Structures are given as structure tokens and as C-alpha cells.
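**Q** Would you be able to build a 3D model of this:
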Amino acid sequence: MTPDLIALILAALLWAGQLAHLALRANLEIGSRYFLSPRDTAPPRELSQATLRLKRAYENHHEALLLFGVAITAITLTGKESIASAILAFAYLGARILFVPAYALGWTPWRSVFFGIGYLCSILLLVLALL
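**A** Numbering: from 1, shown residues only. Predicted coordinates:
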């Protein structure tokens, strides 16, 4: 398995871990009864600011992972795996890992910096696949 695909798998595991952590916190704050219901009504109370930040970080990764997944798929299918693609893939992963605490703890401007690094890595991987 290529380093690029390993980075993609690890990014997907990070995404799954973010969802599990978010679900656990939300269940502890609101109670599982609401989450087991069809959710036709508003929750009985709001989530805490910290949990809402984790939710936004998860949603952001959900969106970013699609572009990264397309980029790694393009690199793999075109046979353009290289040291450069591996570096970019793991730089994306590192940026996404750092993005979670940066978002959760309100680190400004670092949240945006880590987002930008990850986004740039995905774009550069797409460009590499075209070359």
C-alpha cells in the first residue's frame, strides 16, 4: 500500500474518531433519548460551546476529506505516487489533526492556518495527478 493511501485511510479514521467523540459528548450533554428518537422536535437543550466547536470541526473535515479523497484517488489511478505526493498527503493529515484542537480551543489564527495547509495540499495533489 502506498503512503498516499495510508494517509487517506488515517484521515478517514480521524474523521470517524471525530464523529465518535462528538456523538459521545452530545449524548452526555443532551441524553441518548433524544438521539434515539426520530428528532422531529428541537433538542431539549443546546449543546455546549465546546461540543458545537467539535461539531463544526467534524463538519469541516467531512467537507475537506472529499477533496483529499479525490486527490489521492487521482494520484493512485494515474500512477503518480511519489515522495512529493506522500509528503503532501501526510502534511494534509498533520494539518487536519492539528485543526481539531485548534478549532475546539479557539486558536486564532491557527485554525485557519491548518485549514489552509490541508486545502493547499489537496490542490497540489490534484495538480500532481495532472502532470
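
**Q** can you list contacts of the strand or helix carrying residue 123?
**A** Assessed by DSSP states H and E, residue 123 sits inside helix 110-130. With contact meaning Cβ atoms under 8 Å, 6 or more residues apart in numbering, helix 110-130 is reached by 4, 60, 64, 67-68, 70-72, 74-75, 78, 80, 82, 84-85, 88-89, 91-92, 95-96, 98-99, 102-103. Every C-beta, even on glycine, is put in place using the N, C-alpha and C of the backbone.

**Q** Buried residues, that helix. List them.
**A** Neighbour-count burial for helix 110-130 flags 111, 114, 115, 117, 118, 121, 122, 124, 125, 126, 128, 129 (criterion: 16 or more other Cβ atoms under 10 Å).

**Q** ok, back up a step: mark which of the contacts of helix 110-130 are buried, thanks.
**A** For these, a burial check counting by 16+ other Cβ under 10 Å picks out 4, 60, 64, 67-68, 71-72, 74-75, 80, 85, 88-89, 91-92, 95-96, 98-99, 102-103.

**Q** Flag the shaky bits of the protein, pLDDT-wise.
**A** 32-44 (pLDDT under 70).
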